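Undergrad: following is a predicted model, sequence given first.
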Amino acid sequence: MLKSFLLIIAVSSMTVASQIFIKKGLVVVRETSGVSLQNIHLTLLKLLQNKFALLGLAFAAIAALVWLMVISKMDLTSAFPISGAIFYLLLFAFSWLFLGEAVTVWKISGVIVILAGVFLISK
């Protein structure tokens, strides 16, 4: 169980890293090329040339492979909520630290509610 829990932490961490890098890549592409979601095909081409976005995609691919190992060893109804809680907690913290996103009382409350829900599911 401990090994599975550590793998879940690894999956969540890599998934959060992938999202942070992809977001950073989108910001860089938008600022340097002026492309947007309205020009999705140009945005995708530029993202495929962006080191942050490529790193994010690599993290996502590795996380997907590790996730397969997790769900082969654990019930999905246990693994997914635990992963989700860790994901939200890490995403909240790293979005604030690395992307400068705002921390609000509502966001903090939401993370607490999510963590409480996962605690209840795990009992």
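TA: Good, I have the coordinates.
Undergrad: give me the element the spatially most central residue of the chain is part of.
TA: Centroid-nearest residue in the chain: V16, 2.7 Å away (criterion: Cα atoms, centre = their mean). Using DSSP states H and E, V16 sits within helix 2-33.
Undergrad: before we move on, back to that, list the contacts for the residue nearest to the centre of the chain?
TA: Contacts of V16 were listed using Cβ atoms under 8 Å, 6 or more residues apart in numbering, and they are 87, 90-91, 94. C-betas here are computed from N, CA, C, even on glycine.
Undergrad: skip ahead from the least confident helix or strand in the chain by mean pLDDT and say which helix or strand is next.
TA: Using mean pLDDT, DSSP states H and E, the weakest-scoring helix or strand in the chain turns out to be helix 40-47, at a mean of 80. Next along the chain after helix 40-47, taking DSSP H and E as the criterion, comes helix 51-73.
Undergrad: who touches that next one?
TA: 3-4, 7-8, 10-11, 14-15, 17-26, 28-29, 47-48, 79, 83.
Undergrad: can you rerun that using 10 Å?
TA: Here helix 51-73 makes contact (Cβ atoms under 10 Å, 6 or more residues apart in numbering) with 1, 3-8, 10-29, 43-44, 46-48, 50, 76, 78-80, 82-83.
Undergrad: if anything else comes up later, I'll come back, but that's it for now.
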